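In: need a 3D model of the sequence below.
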Amino acid sequence: MNTFKIMGDEELVVLYAKGENTAFDVLLDRYKRCVYSYIYFIVRSKSLTEDIFQETFVKAIMTIKQGRYTENGKFKAWITRIAHNLIIDYFRQERSENTLSNDEMDVDLFNNIKLCDGTIEGRLIRHQVLSDVKKLIRHLPESQREVLEMRYYQELSFKEIAEATGVSINTALGRMRYAILNMRKMIEENKMELSLA
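Out: The predicted structure follows:
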């Protein structure tokens, strides 16, 4: 195993494809932390992170075993892209089923069933929350504001956003993450209450 640890990613992939399972163990050990962190940073749920993490490496194993791995010198980028695509697939599926949830978050600005409250009080609160959210959005850097508005107000996919803004999907997704993080920071700093409860 120590011999494997000094080998490059591509050598390990070749060995694993030839049946040397220890080679993949080294790859897993080498990248598990960064892949797990990448997934968790986006989904913010331990159980979902673990599911997507496992699915990522299962997909990698299958691709290598089927001889379809072609990313010479780019294993880390390749495995991260698999995770990224699985995350997008998950949220796309959740969105199409109208069950996108972010229950583990303290503040869920974009998916609260109480936004559908039909009472006058509910409508007033909803109007105030949405007004506050729009104010927060105006304070975001332009690139982050643009992606957030395209995603939530125009309902574009990250692929469509990437094409419209001339950046990669990863960059579009990164800008969205930073937009959400910056909004959370503004909410905390201004001690805002964006709750419909």
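
In: C-alpha from now on. contacts and neighbour counts both.
Out: Fine.

In: quick one: neighbours of residue 137, just the number.
Out: Residue 137: 20 surrounding residues under other Cα atoms under 10 Å.

In: please pull out the lowest mean pLDDT helix or strand from the protein.
Out: Lowest by mean pLDDT, DSSP states H and E among the helices and strands of the chain is helix 120-138, with a mean of 69.

In: can you pull out the helices in this structure?
Out: Counting by DSSP state H, residue ranges of the helices within the chain are 2-5, 9-17, 21-43, 46-65, 75-96, 120-138, 142-152, 158-165, 169-189.

In: counting contacts, what elements does the third one pack onto?
Out: Helices and strands touching helix 21-43, as assessed by 3 or more Cα pairs under 8 Å, 6 or more residues apart in numbering; DSSP states H and E, comprise helix 2-5, helix 9-17, helix 46-65, helix 75-96.

In: buried deepest among those helices, which one?
Out: The highest mean neighbour count among the helices and strands packed on helix 21-43 belongs to helix 9-17 (a mean of 19), with neighbours defined as mean count of other Cα atoms under 10 Å.

In: dump that helix to PDB, keeping only the CA atoms.
Out: Output of helix 9-17 as PDB, limited to C-alpha atoms (Å, rounded to 0.1, in the frame of the first residue of the first chain):
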ATOM      1  CA  ASP A   9      -3.600   9.400  -9.800                       C
ATOM      2  CA  GLU A  10      -3.500   8.100 -13.300                       C
ATOM      3  CA  GLU A  11      -1.200   5.200 -12.400                       C
ATOM      4  CA  LEU A  12      -3.600   4.300  -9.600                       C
ATOM      5  CA  VAL A  13      -6.600   4.400 -12.000                       C
ATOM      6  CA  VAL A  14      -4.900   2.100 -14.500                       C
ATOM      7  CA  LEU A  15      -4.000  -0.400 -11.700                       C
ATOM      8  CA  TYR A  16      -7.600  -0.300 -10.300                       C
ATOM      9  CA  ALA A  17      -8.900  -0.900 -13.800                       C
END
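
In: which strands or helices does that helix pack on?
Out: Helix 9-17 packs on helix 21-43, helix 46-65, going by 3+ Cα pairs under 8 Å, 6+ apart.

In: and residue 93, how far from residue 175?
Out: Taking Cα to Cα, to the nearest Å as the measure, residue 93 falls 22 Å from residue 175.

In: between the helices and strands packed on helix 9-17, which one is closest to residue 164.
Out: Go through the helices and strands packed on helix 9-17 one by one with Cα to Cα and the one that ends up closest to residue 164 is helix 21-43, at 22.1 Å.

In: domain parsing for this structure?
Out: The chain resolves into domains spanning 2-96, 113-189 when parsed by automatic domain parsing.

In: mean pLDDT lowest where, among the helices of the chain?
Out: Per-segment mean pLDDT for those reaches its minimum on helix 120-138, at a mean of 69.

In: so who does the residue nearest the centre of the chain touch?
Out: Nearest to the mean C-alpha position of the chain, by Cα atoms, centre = their mean, lies residue 42 at 3.5 Å. With contacts taken as Cα atoms under 8 Å, 6 or more residues apart in numbering, residue 42 has the following neighbours: residue 177.
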